[in-house]
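Colleague: Dropping the sequence and predicted coords here.
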Amino acid sequence: MPFSDKRASPAKAAAERRRYDVVLYGATGFVGRQTVAYLAGHPQVRSAGLRWAVAGRNRDKLEQVRRDGGDAALDAGVLVADADDTRALNALARQSSVVLSTAGPFDLYGSKLVAACVRHGTHYVDITGETPWVHGLIAQHHAQALREGTRIIPCCGFDSVPSDLGAWMLVQAMRQAHGVACAEVKVAFALRGGVNGGTLASALHMLESGKAAALADPFLLNPADSRPVARARDRDPSWSHFDADFKSWLGPFFMGPVNTRVVRRSAALLDYGPNFRYQEYLRVGSGPIAGAAAVSMSAGMGVSRIAMGWAPVRALAARLAPKPGEGPSVERMDRGAFRCDFVARSVNGQQLTGRVADQGDPGNRATTKMVCEAALALAFDGPRLPGGPGQGGVLTPASGLGDVLVERLRRAGMVLQAGA
């Protein structure tokens, strides 16, 4: 049966088992609908009797999502809670051991839900890439969540599970294989897929609110007592180069300003070492044509960043982009894929490589797999999680889920390798 009594305080440890093991909040959105289908078809959910519910602000749409999920979803409960309704969110959090949220932009729709989860000792995962918002969660909730053993784990989708778990596995592999600390990890991404309206809405909201400026801080999510002085090597890449380790032209990766901050928080929380470095790139190719493409892409990204600073350009982008709730076709998502190739070096020059890869659109299919398995890890595997059942705080996928999530994703068909 799912693990439920995992609170650190005696009062919470003595509480009666909650009505639901997992509640899917934002279940009527584009990724939300996919989480319903994923859980409904999960063999462990069916065999172990997971008690789950769908949640959001519109009962009719929630009932339809449940019907669309097939017979296995008909047993799911339905909870109505608007993102601004504190009373309803408190009721939702009290009833669940784990809340999984796909309702973005999270800066608009996630703050009161997370506060309710912390208030009631309810574990939480989501798919946000809004690191300025996560920075606020750390300031507001980390101390209480740490004290009470509540795991708040944002960034459990393609932002930023492959990066965080890949780097963490290589750090462990370096210690196991060579008995030394890992000094540097870098990764080259290759991906194929589409973008859903919710992801674009979150990015546009960060720009419109002015909070995107916080992304310039390489150590935005680090604990206050482990914020090194930013050096040139920590800045986000802005230009292309040929990399001898990858034997490829590399350019700036648009998700790097999100993923690197998450990995650096893991490095601080899990003590990778005082001088650990991490950086991300987009793999373009190996030949002269790829080199020209990498240069053009880098220049284009620079122009786009400047253009998106203008309100009229953002307004035009919002009109042309898919709306929240919309996304790629099933066929396009099925044709998608991603591959992250890692290279790690130790303090004495030892080198290891690793890979995280999967089939399916990374921002939709893979994200759904990652966040659902993260929620199931909290529901089923509490005693095996890093730090034991009393661990808590505003954590990262590596520091909050670690090997348990690695094992789950491997069983779900994802490639996670380290140590070659």
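Modeller: Cool, the structure landed. Numbering: from 1, shown residues only.

Colleague: Spatially, and excluding backbone neighbours, which residue is closest to Cys372.
Modeller: Tyr38 (4.7 Å; C-beta to C-beta, 6 or more residues apart in numbering). For glycine as for every other residue, the C-beta is placed from the backbone atoms N, C-alpha and C.

Colleague: average pLDDT across the strand or helix carrying the one you found?
Modeller: Using DSSP states H and E, Tyr38 sits within helix 30-40. The pLDDT scores in helix 30-40 average 94.

Colleague: now the following helix or strand past it, how far from the centre of its chain.
Modeller: Sequence order places helix 43-48 as the next helix or strand after helix 30-40, per DSSP H and E. How far helix 43-48 lies from its chain's middle: 24 Å, per C-alpha atoms, centre = their mean, to the nearest Å.

Colleague: Same question for stretch 31-39.
Modeller: Centroid displacement of stretch 31-39 relative to its chain, using C-alpha atoms, centre = their mean, is 16 Å.

Colleague: From the rest of the structure, what touches that stretch?
Modeller: 22, 24-27, 45, 50, 52, 54, 56, 65-66, 68-70, 73, 76, 100, 102-103, 127, 157, 196, 198, 327, 364-365, 367-369, 371-372 (C-beta atoms under 8 Å, 6 or more residues apart in numbering).

Colleague: Next step: these restricted to strands.
Modeller: Mapping the contacts of stretch 31-39 onto strands (DSSP state E) picks out Val22, Leu24, Tyr25, Trp52, Val54, Gly56, Leu100.

Colleague: Ser101 and Ser111 touch, don't they?
Modeller: No - Ser101 is beyond contact range of Ser111, at 11.1 Å (criterion: C-beta atoms under 8 Å).

Colleague: Specify which residue of these two has the higher count of neighbours.
Modeller: Applying other C-beta atoms under 10 Å to Ser101 and Ser111 shows that Ser101 carries more neighbours, namely 30 against 17.

Colleague: Please, which helix or strand holds the closest residue to Leu170 other than its chain neighbours?
Modeller: Nearest residue to Leu170, sequence neighbours excluded (C-beta to C-beta, 6+ apart): Ala344, at 4.1 Å. Element membership for Ala344 (DSSP H and E) is strand 337-346.

Colleague: Give me the helices and strands touching that strand, please.
Modeller: Helices and strands touching strand 337-346, by 3 or more C-beta pairs under 8 Å, 6 or more residues apart in numbering; DSSP states H and E, are helix 161-178, strand 182-192, strand 351-359.

Colleague: Give me the sheet partners of the last one and which way each runs.
Modeller: By that I understand strand 351-359. Next to strand 351-359 in the sheet, as set by DSSP bridges, lie strand 337-346 (antiparallel), strand 415-418 (antiparallel).

Colleague: What is the least confident helix or strand in this structure?
Modeller: One helix or strand of the chain scores below all others by mean pLDDT, DSSP states H and E: helix 10-13, with a mean of 37.

Colleague: quick one: low-confidence parts of the stretch 201-350 of the chain?
Modeller: 201-212, 230, 288-328 (pLDDT under 70).

Colleague: now the strands for it?
Modeller: With strands called from DSSP state E, counting those that start in this stretch, the stretch 201-350 of the chain shows them at 241-243, 248-251, 277-285, 337-346.

Colleague: Mean neighbour count, those: which tops it?
Modeller: strand 248-251 (a mean of 25; mean count of other C-beta atoms under 10 Å).

Colleague: quick check, distance from it to the centre of its chain.
Modeller: Distance, stretch centre to chain centre, for strand 248-251: 25 Å (C-alpha atoms, centre = their mean).

Colleague: Same check on stretch 24-35?
Modeller: How far stretch 24-35 lies from its chain's middle: 15 Å, per C-alpha atoms, centre = their mean.

Colleague: Export the strands paired with strand 351-359 as TSV, with columns for distance to Leu385.
Modeller: Below are those laid out as TSV (distance: least, C-beta to C-beta, whole Å):
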stretch	distance to Leu385
strand 337-346	24
strand 415-418	17
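
Colleague: these two touch, right, Val65 and Phe30?
Modeller: No - counting by C-beta under 8 Å, Val65 does not reach Phe30; the two are 11.4 Å apart.

Colleague: who's more crowded, those two?
Modeller: Comparing Val65 with Phe30 by other C-beta under 10 Å, the one with more neighbours is Val65, at 24 against 21.

Colleague: what about the more buried one, distance to Val404?
Modeller: From Val65 across to Val404, the span is 28 Å (C-beta to C-beta, to the nearest Å).

Colleague: cool, Ala190 as well?
Modeller: Separation of Ala190 from Val404 (C-beta to C-beta): 27 Å.

Colleague: what's the answer for Asp60, then?
Modeller: For Asp60, the distance to Val404 - C-beta to C-beta - is 37 Å.

Colleague: So for these two, which sits in the more crowded spot?
Modeller: Set Asp60 next to Val404 and count neighbours by other C-beta under 10 Å: Val404 wins out with 21 against 9.

Colleague: Alright, calling it a day.
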